[in-house]
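Visitor: task: produce atomic coordinates for the following.
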Amino acid sequence: MSLLPETGRRVTEIAARAQSAGRAPSLALAVVRDRSLLHFTGAGETPPPDTKTQYRIGSITKTMTATMIMQLRDEGGLALDDPLGRHLPDTPLGGLTVRQLLGHVSGLQREPDGPWWERNTGGDVDKLLAELAFDKIAAPPFRTYHYSNLAYGVLGAVLQRVTGEPWAQLLAKRVLDPLGMRRTTYFPVEPFARGYVVHALDGSLHEEPRLDAGAMASAGQLWSTVTDMAKWAAFLADPAPAMLRRATVDEMCTPVAIQDDAWTAGHGLGPELMRVGERIYVGHGGSMPGYVAVIAVHRPSRTGVVAFANSYGLRGTTIRAVGLEALTAVLDAEPPAPQPWRPAPAPQGEAAELCGRWWWMGGEFEVAGDGADLVMSPVGLTGRVPWRFVRESRDRWRGVSGTNTGEVLVASRGPGGEVTQLDIATFVFSRDPMHLA
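Guide: Reported below is the predicted structural model:
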């Protein structure tokens, strides 16, 4: 599978223009769809980029830290609304919650104390936590979006305290090894691109140090390749259930905060949300001295883009803008083919009794069985997420998708035991088209 020649040329042109005008020593860009690398393009010669060359991915690391937090939540190891004090009892900021830190609404200041952490060797977890104090609150918690690298350093500490394992060891076991991301590493492993600051006046290159971020590693330490990041893009689009339930990734991609008045960017529980036209992309940007990176995924089409450059910024643009331009160009030119229709599994048990047509306030609805689940949709309307219900007990079902997520469906029976009405959150559906309750 690959892009059409004209689409590939367009993506290649976007990357080449960005590298040239942006004055990046090298730039790598890849497009992925349905777990396949559709297209790779590289520009520049320092070094000539390829799919096996590592670049530093910076804050894309945060999406993996968030994934491990959600894994522990699903396993019962913590709750998102746990106060920090439950897991980090020595911090004076124990009233902040895990959820607030994940969505950048904790109010914590952007950076930890001391010299700029991205350009200095970091301390350990105990040192990071010892420096937390009330004066580290820079914005009203849960009322203001305030991006915080410090928050993700603290989340790394939560992971270590809850599991008893260092963050890097936990990452390998829970994320990298299960997905086969063998070229995503804590320290660079050859071949890797050296990172530079490009002098604004003479264009000379100044190589940046590659240091251990210590306790702040959970916010931006990792190195990776476009091949490995294509696997991460595929996970965000269509997660492997053995690693994380799709419903949990959906939850991570639900907005917690909007970043701007135009609603072009927001943040979920880890991933960033980026809107281009009517499309919403999920992913994250990343930067460390000498490097910029972006991953963006259009989940409905399972299409994503990964882009790296080994310069600290691009002149006249951003790596995020380059990645989003390329992804949008691909989706505009090559929308995914419709998924083939497949018959649903035959309804089983009680679900079979509820199938058929139902009416509410003059509107017609169809209930179909999908194995043991119920799927309910308005007749004649497209583009709406169907209501899916799972059985909790006899005549009681719980909504798990669509606008009735979390609501309860109760089936009422007549004297003969037949189902006569469906009550969904006080909205009563009947077999009678004239029913207006």
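Visitor: just the helices in this protein please.
Guide: 5-22, 61-75, 84-87, 98-102, 125-130, 149-163, 167-171, 177-179, 217-220, 226-237, 246-252, 319-333, 350-354 (DSSP state H).
Visitor: buried set for the last one?
Guide: It refers to helix 350-354. Across helix 350-354, burial judged by 16 or more other Cβ atoms under 10 Å covers 350-351, 353-354. For the C-beta atoms, the positions are set from N, CA and C on the backbone; glycine is no exception.
Visitor: adding distance to H435 and mean pLDDT, write the helices of the chain out as TSV.
Guide: Formatted as TSV, the helices of the chain follow (distance: least, Cβ to Cβ, whole Å; pLDDT from 0 to 100):
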stretch	distance to H435	mean pLDDT
helix 5-22	52	97
helix 61-75	41	97
helix 84-87	50	95
helix 98-102	42	97
helix 125-130	61	90
helix 149-163	51	97
helix 167-171	55	98
helix 177-179	51	97
helix 217-220	55	97
helix 226-237	42	97
helix 246-252	33	93
helix 319-333	43	98
helix 350-354	16	90
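Visitor: let me have those in a markdown table, extended by distance to M361.
Guide: Below are the helices of the chain laid out as a markdown table (distance: least, Cβ to Cβ, whole Å):
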| stretch | distance to M361 |
| --- | --- |
| helix 5-22 | 47 |
| helix 61-75 | 38 |
| helix 84-87 | 46 |
| helix 98-102 | 37 |
| helix 125-130 | 56 |
| helix 149-163 | 46 |
| helix 167-171 | 52 |
| helix 177-179 | 47 |
| helix 217-220 | 51 |
| helix 226-237 | 37 |
| helix 246-252 | 30 |
| helix 319-333 | 38 |
| helix 350-354 | 19 |
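Visitor: show the end-to-end separation of stretch 247-260, please.
Guide: Using Cα to Cα, to the nearest Å, one end of stretch 247-260 lies 27 Å from the other.
Visitor: just checking, P49 touches P25?
Guide: No. With contact defined as Cβ atoms under 8 Å, P49 does not reach P25; the gap is 9.6 Å.
Visitor: neighbours around the residue nearest to Q421 when sequence neighbours are not counted, how many?
Guide: Using Cβ to Cβ, 6 or more residues apart in numbering and skipping residues adjacent in sequence, the residue nearest Q421 is S412, 4.2 Å away. By the criterion of other Cβ atoms under 10 Å, S412 has 12 neighbours.
Visitor: before we move on, what about S311?
Guide: S311, neighbours per other Cβ under 10 Å, totals 26.
Visitor: again with L93
Guide: Residues within reach of L93, counting by other Cβ under 10 Å, total 21.
Visitor: got the contact list for it?
Guide: By Cβ atoms under 8 Å, 6 or more residues apart in numbering, the contact list for L93 reads 84, 108, 132-134, 136-137.
Visitor: can you give me the distance of the closest residue to R161 other than its chain neighbours to L170?
Guide: For R161, ignoring the flanking residues on the chain, the nearest one in space by Cβ to Cβ, 6+ apart is H87 at 5.2 Å. To L170, H87 is 14 Å away according to Cβ to Cβ, to the nearest Å.
Visitor: try Y55
Guide: Y55 is 23 Å from L170, where distance means Cβ to Cβ.
Visitor: same deal with G103?
Guide: Distance, G103 to L170, using Cβ to Cβ: 21 Å.
Visitor: same question for H146.
Guide: Using Cβ to Cβ, one gets 27 Å for the distance from H146 to L170.
Visitor: please apply the same query to G220.
Guide: Applying Cβ to Cβ, the value for G220 to L170 is 16 Å.
Visitor: between those two, which is the more surrounded one?
Guide: Neighbours per residue (other Cβ under 10 Å) separate G220 from L170, with G220 holding more: 24 against 21.
Visitor: these two touch, right, L331 and T303?
Guide: Yes. L331 lies in contact with T303 (Cβ under 8 Å); the separation is 6.2 Å.
Visitor: my read is that L150 contacts H104, right?
Guide: No. Using Cβ under 8 Å, L150 is not in contact with H104, being 10.5 Å away.
Visitor: between those two, which is the more surrounded one?
Guide: Taking neighbours as other Cβ under 10 Å, L150 and H104 compare with H104 leading, 28 against 24.
Visitor: any idea how far that one is from H146?
Guide: Using Cβ to Cβ, one obtains 6 Å as the distance from H104 to H146.
Visitor: do the same with A352
Guide: Using Cβ to Cβ, A352 is found at 52 Å from H146.
Visitor: need the contact list for the most centrally placed residue in the chain.
Guide: In the chain, the C-alpha nearest the mean C-alpha coordinate belongs to P271, at 3.7 Å (Cα atoms, centre = their mean). Shown in contact with P271 (Cβ under 8 Å, 6+ apart): 63, 66, 236, 252-253, 282-284.
Visitor: A215 too?
Guide: 122-125, 127-128, 153, 156-157.
Visitor: let's see 10 Å
Guide: 112, 117, 122-129, 131, 153-154, 156-157, 160, 167 (Cβ atoms under 10 Å, 6 or more residues apart in numbering).
Visitor: check the offset of stretch 230-241 from the chain's centre.
Guide: With Cα atoms, centre = their mean, to the nearest Å as the basis, stretch 230-241 stands 9 Å off its chain's centre.
Visitor: likewise for stretch 296-304?
Guide: Averaged C-alpha coordinates place stretch 296-304 at 11 Å from its chain's average position (Cα atoms, centre = their mean).
Visitor: list of residues touching stretch 378-392?
Guide: For stretch 378-392, the surrounding residues in contact (Cβ under 10 Å, 6+ apart) are 348-351, 354, 357-360, 363-368, 370, 372-377, 396-405, 407-409, 422, 424.
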